[in-house]
Each structure stands twice: as structure tokens, then as C-alpha cells.
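>>> only geometry, no sequence info:
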Ligand code: NAP
Ligand code: ZN
């Protein structure tokens with residue numbers, strides 16, 4: 001067992017604080033990683049504040065991890081000490097169900113092990129995330145990261161990147177498609193960059209007028225304010241796809257109305273409260289309302305390689321570990337351009 005420094009939330013209404021964590025000694029198939037950068041996802045906030053229920057305190061969030069391999073177990077063939085690697089939203093799965101065999105470990109029928117606030121496959125050991133100096137992960141769930149791109153800007157790809165890449169690929173988004181992204185935050189800005197890179201005509205739907213110029217620079221072709229009733233009316237029956245990344249309660253019906261016939265609205269954001277959907281919004285126009293959870297390991301590697309090839313990274317604001325609580329407050333206000341990333345050297 002190795003004792004490592006971390007930051008944890010101990011209660012839903014208390015700020016995160018320094019915390020000493022015990023990591024397992026690397027087993028035969030394990031990779032120990034010295035974490036360089038850890039992205040701050042809105043899921044970290046939902047979990048730290050127990051907004052979805054089920055938070056096991058103390059919780060160490062963080063599932064956008066980039067670092068260097070510091071130790072490897074005897075059977076590790078994929079990685080060696082010094083390699084640059086990443087870890088995303090989960091660290092293990094059963095490996096034998098239909099979904100695992102199909103490289104969709106995020107939908108493991110026996111329950112995947114999420115990177116934090118979850119259980120290892122022994123169903124007993126609690127997982128702790130990337131707001132810490134080191135993590136130990138079985139080699140099959142560790143990703144190779146190219147040194148070509150600035151690593152702090154790569155970290156958010158491990159969640160925000162794959163969560164937006166996977167549905168774009170699954171639904172075959174390409175040139176000729178009109179796609180809207182709702183909510184310009186961590187996921188939203190990656191959705192804009194990736195969808196534009198795949199050739200879609202992208203419209204940013206935001207409640208924040210101050211983000212219009214940024215949306216254009218990120219690759220959006222159009223920008224519309226969701227707070228303007230007339231604009232929303234004009235956009236009725238426009239889009240083949242809508243990617244919804246909003247973290248708080250909002251009316252799905254307003255957005256479904258913007259889909260063309262056969263259009264698909266893909267939910268990525270996970271507001272803590274359920275929403276009501278009127279059947280007519282789906283029936284008239286044969287529209288679909290679907291969801292998507294991160295992406296499998298094989299697809300995450302494909303996404304990292306795609307981003308390295310196309311020079312796609314996240315726009316980040318660097319923070320030190322002790323600025324995490326302020327970063328949460330700013331994220332809640334939609335005031336982040338467009339992902340906070342913790343320089344983990346500040347925890348050493
Ligand atoms: P984020 O950076 O905070 O971005 C969310 C954006 O939603 C904000 O920037 C804001 O954009 C908009 N928004 C926030 N509150 C709103 C409100 N009350 N009404 C309307 N718009 C609002 O969050 P994120 O890290 O991108 O995560 C977004 C959501 O996705 C979270 O719920 C997170 O848990 C979830 N998530 C899901 C998956 C998955 O696998 N499906 C993976 C990761 C995260 P504007 O200012 O442009 O309006
Ligand atoms: Zn995330």
C-alpha cells in the first residue's frame with residue numbers, strides 16, 4: 001500500500017480539503033501513474049455535492065487524468081515506466097459480458113468500476129479519482145497519450161472528449177448534417193470542435209450572450225440565444241441532431257421542437273431532477289430522444305489518436321489544487337473557458 005496526497009469532499013455541503021489516500025501496490029497487471037493533470041468535470045461537482053444520491057464520503061473526484069507511468073507490474077506489456085498515459089471515467093469492468101466483449105465496457109452488464117465513487121470489480125474496494133498524486137489502474141483501462149499535444153489540454157479529452165466523440169460516431173454525424181450543441185461548457189466546447197471537424201454545420205445554443213465569439217472561434221457556424229423566444233421559434237424543424245450538455249434542469253420539449261423529421265436529440269448532461277417530455281414532441285416528426293455514456297476503451301484510444309492527428313485539444317484554465325472550490329463555484333455559474341484543469345504538481 002502506498003500513501004498518496006489527494007483532495008476529498010467529506011460532506012455534500014463542505015468544501016473539498018486535503019486528504020491522505022492509500023493506493024494498492026501495483027499487482028501483476030497494474031500500472032501506477034504519477035498524475036500530471038486532472039480535469040474538472042461537472043460530474044465531479046454533482047458527485048461531491050451528492051446531487052445524484054449515492055455519494056460515498058470521503059470522495060476523491062477526477063476522471064480526466066493524464067500522467068506518466070511510474071511503476072508497472074510483472075505482466076504489463078502495453079506500457080513501460082516513463083510512458084505518457086491517460087485514464088478516463090472507468091478503471092475496470094467484468095470483461096466477459098456481451099458489452100465488454102463488444103468493447104463497450106461503459107455499458108458492462110455486471111457494472112463497470114467508475115474511476116471514483118464506485119467499486120473495484122471485487123465489489124468491495126471503493127475507487128478514488130484523479131485529484132491525487134498517483135493512481136493504480138489495470139493495464140487494459142489505461143490509454144496511450146501522444147506527447148505531440150500539450151498534455152494539460154489533452155486531459156479533458158478523457159471525459160469531455162470521448163463523451164462527445166462517441167455519440168457523433170455512433171449516429172454517423174458528417175458533412176450535410178445540421179447539428180446543434182446546447183450548453184457551452186466542458187462537454188459543449190468539445191462537441192463543437194469535434195462535430196465541426198467531422199463536417200457538420202454546427203449551431204451553438206447557449207443562454208450566455210458573452211460566449212458568442214468563443215463559439216465561432218471553436219468552430220460553430222451559428223450561435224443562438226436560448227433565452228430569445230423569437231430565435232427559438234425561427235429554429236423550429238431545423239436540426240438533424242441536438243447534443244444536449246446542460247447540467248441543470250431545463251425543458252427538453254423546447255429543444256425537441258427544433259429537430260427535423262427523424263431528428264435525434266442526444267442527452268449527455270445529467271440534471272439531478274427528472275424532466276417531463278410530451279409525447280407529441282416525439283410523435284410529430286418521428287423524433288428520437290436518446291442518451292449516451294462516455295465511450296469504451298477502444299473508442300477512447302481511437303478518439304485520442306483522432307485528436308492528435310487533427311490537432312484537437314480542450315481550451316483550459318489551469319488551477320492549483322487549492323483553487324478547486326473556487327473552480328466549482330465558477331463552473332456552476334457557467335464561468336469557465338472551457339475546462340478547469342488542475343496542475344497536480346501543486347499537490348506534491
Ligand atoms: P459545464 O462545463 O458546467 O457545462 C454545462 C453548460 O450547461 C454550461 O456552461 C451552460 O452553458 C449550460 N447550463 C448550465 N446550467 C444551466 C441552466 N440552468 N440552464 C441552461 N443552461 C445551463 O459541465 P460539463 O462538465 O460540460 O458537464 C455537463 C453535464 O454532462 C453534467 O451534467 C455532467 O454530469 C454530464 N456528463 C455526462 C457524461 C455522459 O457520459 N453522458 C459525461 C460527462 C459529463 P451556456 O452558458 O452556454 O448556456
Ligand atoms: Zn466527466
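That came in fine, so what should we check first? Bear in mind the structure is a predicted one, so any value in this text is a computation, not a measurement. Ligands and ions are numbered 1, 2, ... in the order given.
>>> close enough to count as contact, residue 159 and residue 43?
Yes - the criterion here is C-beta atoms under 8 Å, and residue 159 meets it with residue 43 at 7.4 Å. Using the backbone N, CA and C atoms, a C-beta is placed for each residue, glycine as well.
>>> between those two, which is the more surrounded one?
Using other C-beta atoms under 10 Å, the more surrounded residue of residue 159 and residue 43 is residue 159, with 28 against 25.
>>> just to revisit the earlier point, what sits in contact with each of residue 159 and residue 43?
Contact criterion C-beta atoms under 8 Å, 6 or more residues apart in numbering; residues shared by residue 159 and residue 43: 63, 89.
>>> who in the protein is up against ligand 1?
Taking C-beta under 6 Å from any ligand atom as the measure of proximity, the chain contacts ligand 1 at 41-43, 46, 159, 163, 183-188, 206-208, 211, 245-248, 250, 268-270, 292-294, 331, 334, 336.
>>> considering only the residues you listed, which also neighbour ligand 2?
41, 43, 159 (C-beta under 5 Å from the ion).
>>> neighbours around the first one, how many?
Residue neighbour count, defined by other C-beta under 10 Å, stands at 28 for residue 41.
>>> any idea how far the residue nearest to it when sequence neighbours are not counted lies from residue 35?
Distances taken as C-beta to C-beta, 6 or more residues apart in numbering place residue 159 nearest to residue 41, at 5.1 Å, with adjacent residues excluded. Remark: distance between residue 159 and residue 35 (C-beta to C-beta, to the nearest Å) = 15 Å.
>>> ok, now residue 67?
Residue 67 is 4 Å from residue 35, by C-beta to C-beta.
>>> which neighbours do those two share?
135, 344.
>>> who are the neighbours in contact with the residue of the stretch 151-300 of the chain found nearest ligand 1?
As assessed by C-beta to the nearest ligand atom, ligand 1 sits closest to residue 185 within the stretch 151-300 of the chain, at 1.8 Å. By C-beta under 8 Å, 6+ apart, the contact list for residue 185 reads 42, 245, 247, 331, 334, 336, 338.
>>> strands - which of those land there?
Using DSSP state E, the subset of the contacts of residue 185 located in strands is empty.
>>> dump those residues into TSV; add distance to residue 195 as well.
Formatted as TSV, the contacts of residue 185 follow (distance: C-beta to C-beta, whole Å):
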residue	distance to residue 195
42	20
245	12
247	19
331	22
334	20
336	20
338	15
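>>> mind putting those residues in TSV, pLDDT included?
Shown next, in TSV, are the contacts of residue 185 (pLDDT from 0 to 100):
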residue	pLDDT
42	98
245	98
247	98
331	98
334	93
336	95
338	97
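>>> show me where the chain has helices.
42-48, 98-101, 151-154, 160-170, 186-197, 212-218, 229-234, 252-256, 279-283, 297-310, 324-332 (DSSP state H).
>>> ranking these by burial, who's on top?
Stretch with highest mean neighbour count among the helices of the chain: helix 186-197 (a mean of 27; mean count of other C-beta atoms under 10 Å).
>>> by contact count, what packs against that one?
With contacts taken as 3 or more C-beta pairs under 8 Å, 6 or more residues apart in numbering; DSSP states H and E, helix 186-197 sits against helix 160-170, strand 178-182, strand 201-206, helix 212-218, strand 239-244.
>>> so what pairs up with residue 135 in the strands?
Beta-bridge pairing for residue 135 (DSSP bridges): residue 33.
>>> report the contact partners of it.
23, 32, 33, 35, 65, 67, 87, 91, 128, 129.
>>> what does residue 6 give?
Counting by C-beta under 8 Å, 6+ apart, residue 6 touches 18, 19, 20, 21, 60, 128, 131, 132, 133, 347.
>>> so the second one sits right up against residue 61, yeah?
It stands for residue 19. No - contact criterion C-beta under 8 Å: residue 19 and residue 61 do not qualify, at 11.3 Å.
>>> looking at the two, which one has more neighbours?
residue 61 (29 against 18).
>>> tell me how far the ends of stretch 231-246 are from each other?
19 Å (C-alpha to C-alpha, to the nearest Å).
>>> can you report how many residues neighbour the residue lying closest to residue 112 once chain neighbours are set aside?
Spatial nearest neighbour of residue 112, chain neighbours left out: residue 93 (4.1 Å); criterion: C-beta to C-beta, 6+ apart. Around residue 93 there are 25 other residues, counting by other C-beta under 10 Å.
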